[in-house]
Structures are given as C-alpha cells and as structure tokens.
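> okay, sequence plus prediction incoming.
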Amino acid sequence: MKDSGHISVPEQNSDAARRPRRFLTVFTLDRKTDVSGVSGIGVVAHAVVFPSGKCVVDWHVGGKGLAIYDSFAAMVATHGHDGQTTFIEEEVVTLDGG
C-alpha cells in the first residue's frame, strides 16, 4: 500500500488491488490550496470507487462535471496535487447479491 494524502491506496499489482470488490466507497475531496485556479478550496468534489475499481468524480465547482478514472490511484495521481488535496473516506456501501 502507498500513502496518498490521508488514505492508503493498494498498489496496482497487490493482492488487495486484485481482490473482487463487493462495495462502493465514497470519498470527499477537500482542497487546502487551489493549484489549478479552477476548483477553489474546501470540499470541491465527491468520488465513488466502484466494484470494478473504476473511480468517478463529481465536481462541485469549476466546470461542474463528472470525470471517470481507471482506478482511485489514477484519480489521486491527477488531483492529489502533492498532498494539497485530502481524500476523506465518507462511506462504504456493501452491495447485495455479490
């Protein structure tokens, strides 16, 4: 596992990254500094990690849109801004029938 802000992200080839997921994980993106000059500071988005491992970000500010990433780690690499964004795990939802 590697540290990405305040949470741990499984390495792409680790057992944890390959394990089947049966839950959704919801995160808040909280910016300390607006590096890009677009999103502002404070809570700027929410993200959901799906059982497939894909991550969708719902932006609250700036362009207000959705962005899709192949993984949570890919989203963190793009929007973590060297620790200027905190990723706060808000909720884990277990899916039925999995």
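Perfect, I can see it now. Numbers count the residues shown, from 1 in each chain.

> so where do the strands sit in this structure?
2-4, 7-9, 23-31, 42-49, 55-59, 66-69, 85-94 (DSSP state E).

> quick one: contacts of the third one?
This points to strand 23-31. The contact list for strand 23-31 (CB atoms under 8 Å, 6 or more residues apart in numbering) reads 7, 39-51, 57, 72, 79, 81, 84-95. Just so you know, the C-beta spots here come from the backbone N, C-alpha and C atoms, and that holds for glycine as well.

> that older thread, worst mean pLDDT among the strands of the chain?
Of all the strands of the chain, mean pLDDT reaches its minimum on strand 2-4 (a mean of 44).

> on that earlier part again, just send the strands of the chain back as a markdown table, with mean neighbour count too.
Conversion of those to a markdown table gives the following (neighbours: other CB atoms under 10 Å):
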| stretch | mean neighbour count |
| --- | --- |
| strand 2-4 | 12 |
| strand 7-9 | 16 |
| strand 23-31 | 18 |
| strand 42-49 | 18 |
| strand 55-59 | 17 |
| strand 66-69 | 14 |
| strand 85-94 | 14 |
